[in-house]
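>>> Fold the following, please.
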Amino acid sequence: MTITIPAINLLFLIALIGGVVAIIDAIVRIRARSAVLGIIQLVAAALFTLSLFVAGVPFGQPILAVVTIVLLVLGLAFRGSARRGGVALTVIAIILLLAYLLLSGGIHIAGIN
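Numbering: from 1, shown residues only. Here you go, the predicted structure:
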């Protein structure tokens, strides 16, 4: 594994902020007693964020972004009633990671890209 210094552009910033918000959401989810989903989400989000800086992370950035989005949607569906503002973190992370996938060419939607 080699550590690379990424070019700072809009796509990198969207991916970095989306990954960090997903990590924060996973930590909040773990502390709110939704440990299994939170731990899986933490691992996926941490691998996605790490893949921005380190070459050779398994599965690659688009697949890790899709896995993180799926886990965020599951967390949104199975959220606890005690979290205030946790929905906002989850929705922000989903929007940023979807924007990253659309802009990077990870997924193709007719008429958008």
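>>> Okay, buried residues for stretch 49-68 please.
Across stretch 49-68, burial judged by 16 or more other C-beta atoms under 10 Å covers 49, 51, 52, 57, 61, 62, 64, 65, 66, 67, 68. For glycine as for every other residue, the C-beta is placed from the backbone atoms N, C-alpha and C.
>>> Quick check: the fifth one touching residue 12?
No - the pair residue 61 and residue 12 does not pass the contact test of C-beta atoms under 8 Å, sitting 10.7 Å apart.
>>> overlap in contacts of the two?
Residues within reach of residue 61 and of residue 12 at once, by C-beta atoms under 8 Å, 6 or more residues apart in numbering, are residue 52.
>>> For the protein, give me the ranges with low pLDDT.
Residue ranges of the chain with pLDDT under 70: 1, 80-85, 106, 108-109, 112-113.
>>> so where do the helices sit in it?
In the chain, helices defined by DSSP state H lie at 10-31, 35-51, 60-77, 86-104, listed in chain order.
>>> okay, these in TSV with distance to residue 3 next?
What follows is the helices of the chain, written out as TSV (distance: least, C-beta to C-beta, whole Å):
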stretch	distance to residue 3
helix 10-31	15
helix 35-51	10
helix 60-77	15
helix 86-104	21
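>>> who wins for proximity to residue 4 among those?
helix 35-51 (10.4 Å; C-beta to C-beta).
>>> Setting aside sequence neighbours, what's the nearest residue to residue 66?
Closest residue in space to residue 66, ignoring its immediate chain neighbours: residue 101 at 7.1 Å, by C-beta to C-beta, 6 or more residues apart in numbering.
>>> ok, the one you found - how many residues close by?
Neighbourhood size, residue 101 [other C-beta atoms under 10 Å]: 22.
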